[in-house]
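[1] the following comprises the amino acid sequence and a computationally predicted model.
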Amino acid sequence: MIMDFIPIVDRVAFIAATLYDIFHVPSSPYSVLPYAYYVSGFGEIMYTGYYIEKHDLWEELIHRILGLEYRGSNELDKGTELIRRIEIPFWKEISESLVEIHPRVSRLYRALKQDIINTIRKVFGFQKLFKRIYVIYGFSPLPKSLYGSMLYWSNDYVIVAIYVNDMHEPEKVIDIMIHEVLHGLMRLNNIELRDDIEELLIDISCPEGYLSKILGLSMETKVDEIAEKYEDLAELASMAISYYENKIYDEDLDIIKWITSYINDRRLPII
């Protein structure tokens with residue numbers, strides 16, 4: 001089997017994924033004056049992240065929490081204990097909500113799975129796919145906002161986190177999940193693009209991009225809004241839009257080849 005969906009609703013997994021984002025997402029608010037956060041009520045969280053970062057425990061920690069194979073150590077034991085001490089406000093209510101959400105997401109994913117596989121192969125030209133997708137469910141308190149991040153990938157599986165609430169439809173959840181899985185598939189297939197170019201191609205695709213619409217996950221797209229974020233890559237954004245608008249994917253040409261050929265032909269200094 002390939003691209004099997006494995007949902008995880010677990011307090012410690014949620015905390016670990018959130019901590020990872022705090023320390024690794026470039027736009028993390030904690031990267032601005034982190035010492036001020038430390039003395040303003042976030043010290044336990046930030047020290048835990050510091051300890052995990054110091055001992056390079058993220059991979060083993062997440063594997064241990066998910067029941068996957070890991071290398072044990074005294075440092076890992078302590079890091080796990082530090083995470084378990086952290087409390088999540090209203091976890092009982094949140095977990096009940098997430099437990100209600102994930103079966104609906106799983107049902108829709110099963111119904112769309114083959115279409116997802118066929119479409120991303122056609123659009124991106126991926127030769128390799130993951131056998132399993134582990135999805136850690138986290139909570140997003142903002143009614144209309146949901147988020148995702150890729151935590152780990154290997155030859156067999158990818159681990160992603162998605163932050164949602166019970167006001168989000170399953171289609172939106174799958175849309176953001178596919179976005180994160182695409183980042184993993186880029187690495188699995190040894191596709192080397194500059195980070196912002198990779199993000200552009202995936203953003204134009206999903207969530208709520210052309211791929212979202214092709215898969216029936218969204219009736220409308222926010223492509224113009226997405227393209228505006230890439231002012232420095234306006235020419236490539238236009239080419240990515242042209243790829244989808246003209247259905248170049250039906251001509252046995254994937255978007256990676258389409259974009260890289262254009263860059264090479266124009267000799268653009270941006271790879």
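    Ah, there it is.
[2] who touches the helix or strand containing F14?
    Taking DSSP states H and E as the definition, F14 sits inside helix 11-24. Applying CB atoms under 8 Å, 6 or more residues apart in numbering, the contact partners of helix 11-24 are 28, 30, 45-46, 48-49, 52-53, 58, 61-62, 65-66, 80, 83-84, 86, 88, 91, 95, 136-139, 149, 151, 161, 163. C-beta coordinates here come from the backbone N, C-alpha and C atoms, glycine included.
[3] in strands only, show me these.
    I136, Y137, G138, F139, S149, L151, A161, Y163 (DSSP state E).
[4] of these, keep whichever come out buried.
    Among the ones in strands among the contacts of helix 11-24, those scoring as buried are I136, Y137, G138, F139, S149, L151, A161, Y163 (criterion: 16 or more other CB atoms under 10 Å).
[5] now those in CSV, with pLDDT and distance to L215?
    Shown next, in CSV, are these (pLDDT from 0 to 100; distance: CB to CB, whole Å):
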residue, pLDDT, distance to L215
I136, 98, 22
Y137, 98, 21
G138, 97, 23
F139, 96, 25
S149, 96, 21
L151, 97, 23
A161, 98, 21
Y163, 97, 21
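[6] max pairwise distance over those: which two?
    Farthest apart among those by CB to CB are F139 and L151. That separation is 16.4 Å.
[7] contact partners for the closest residue to L233 other than its chain neighbours?
    Distances taken as CB to CB, 6 or more residues apart in numbering put L200 closest to L233, at 5.5 Å, once the chain neighbours are dropped. For L200, the contact set (CB under 8 Å, 6+ apart) comprises Y230, L233, L236, A237, A240.
[8] state the pLDDT value of the fourth one.
    If I follow you right, that is A237. Among the per-residue scores, A237 holds a pLDDT of 94.
[9] how about it: what's its closest non-neighbour residue?
    A227 (4.2 Å).
[10] need the contact partners of stretch 259-268.
    L193, I197, L201, E235, L236, M239, A240, Y243, I270, I271.
[11] now the helix or strand of the chain with the lowest mean pLDDT: buried residues?
    Least confident helix or strand of the chain, by mean pLDDT, DSSP states H and E, is helix 34-37 with a mean of 81. Residues of helix 34-37 classed as buried: P34, Y37 (neighbour count, 16+ other CB under 10 Å).
[12] distance between that helix and the chain's centre?
    Taking CA atoms, centre = their mean, to the nearest Å, one finds helix 34-37 lying 27 Å from the centre of the chain it belongs to.
[13] again with stretch 253-271
    Stretch 253-271 sits 25 Å away from the centroid of its parent chain (CA atoms, centre = their mean).
[14] just the CA trace of that stretch, in CSV.
    Listed next in CSV are the C-alpha coordinates belonging to stretch 253-271 (Å, rounded to 0.1, in the frame of the first residue of the first chain):
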residue,chain,number,x,y,z
LEU,A,253,4.9,17.4,-18.7
ASP,A,254,5.2,17.9,-15.0
ILE,A,255,5.4,21.3,-13.4
ILE,A,256,9.0,20.8,-12.1
LYS,A,257,10.3,20.2,-15.7
TRP,A,258,8.1,23.1,-16.9
ILE,A,259,9.6,25.6,-14.5
THR,A,260,13.2,24.4,-14.6
SER,A,261,13.2,24.4,-18.4
TYR,A,262,11.9,27.9,-18.4
ILE,A,263,14.6,29.0,-15.9
ASN,A,264,17.3,27.3,-18.0
ASP,A,265,16.1,28.7,-21.3
ARG,A,266,15.9,32.3,-19.8
ARG,A,267,19.2,31.7,-17.9
LEU,A,268,17.6,33.1,-14.8
PRO,A,269,20.0,33.2,-11.9
ILE,A,270,17.6,31.8,-9.4
ILE,A,271,18.1,28.0,-9.1
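[15] show me what contacts N189?
    F124, F126, Q127, K128.
[16] hang on, I meant P34
    Applying CB under 8 Å, 6+ apart, we find P34 in contact with M46.
[17] give the buried residues for stretch 151-158.
    For stretch 151-158, by 16+ other CB under 10 Å, it's L151, Y152, W153, S154, Y157, V158.
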